[in-house]
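Novice: dropping a prediction and its sequence here:
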Amino acid sequence: MKEYWEIIRELREDRDLKQADIAAVLHTTQQVYSRYENGINEMPIRHLKTLCRFYGVSADYVLGLEKKRIK
C-alpha cells in the first residue's frame, strides 16, 4: 500500500505541476508542501480536502484506502 505522500506526488507529477503550484492552491509555501510530499510533516485535513477537490479524487484514494481515483 502506498503512503499518502507518494500518492500526492504522483497526482501532481501526472499533471506536470510543480510543488510551488500546489502550494499556491493550498495557500502555503513550497517548502511546507515539500515536507508533506517527503513524509516529514503530516498534511492537515484542510489541505487534504483542498487537494481532493483540486484533483477530483476521494480522500480514501489519497490515503491509499482505495485504488480507484474516481471521486
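Specialist: Arrived safely, thanks for sending. Here the structure is a predicted model, which is why all the values come from computation and not from measurement. Residues are numbered from 1 along each chain as shown.

Novice: CA only for contacts and neighbour counts going forward, please
Specialist: Will do.

Novice: in the protein, which spans are helices?
Specialist: Taking DSSP state H, the helices of the chain run over residues 4-14, 19-26, 30-37, 45-55, 59-62.

Novice: now the angle from the fourth one to helix 30-37?
Specialist: What that stands for is helix 45-55. If you take axes from the mean of the first three to the mean of the last three Cα atoms, to 10 degrees, helix 45-55 sits at 90 degrees to helix 30-37.

Novice: where does pLDDT dip in this structure?
Specialist: 69-71 (pLDDT under 70).

Novice: thinking again about what came up before, and among the helices of the chain, the most buried is which?
Specialist: Mean neighbour counts were taken over the helices of the chain using mean count of other Cα atoms under 10 Å, and the top value, a mean of 20, falls to helix 59-62.

Novice: what packs against that one?
Specialist: helix 4-14, helix 45-55 (3 or more Cα pairs under 8 Å, 6 or more residues apart in numbering; DSSP states H and E).

Novice: export only the CA atoms of it, formatted as CSV.
Specialist: Extracted C-alpha coordinates of helix 59-62, given in CSV (Å, rounded to 0.1, in the frame of the first residue of the first chain):
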residue,chain,number,x,y,z
ALA,A,59,-9.9,11.2,0.4
ASP,A,60,-9.8,7.4,0.5
TYR,A,61,-7.8,7.4,-2.7
VAL,A,62,-5.3,9.9,-1.4
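
Novice: in contact with residue 18, which residues are there?
Specialist: residue 12 (Cα atoms under 8 Å, 6 or more residues apart in numbering).
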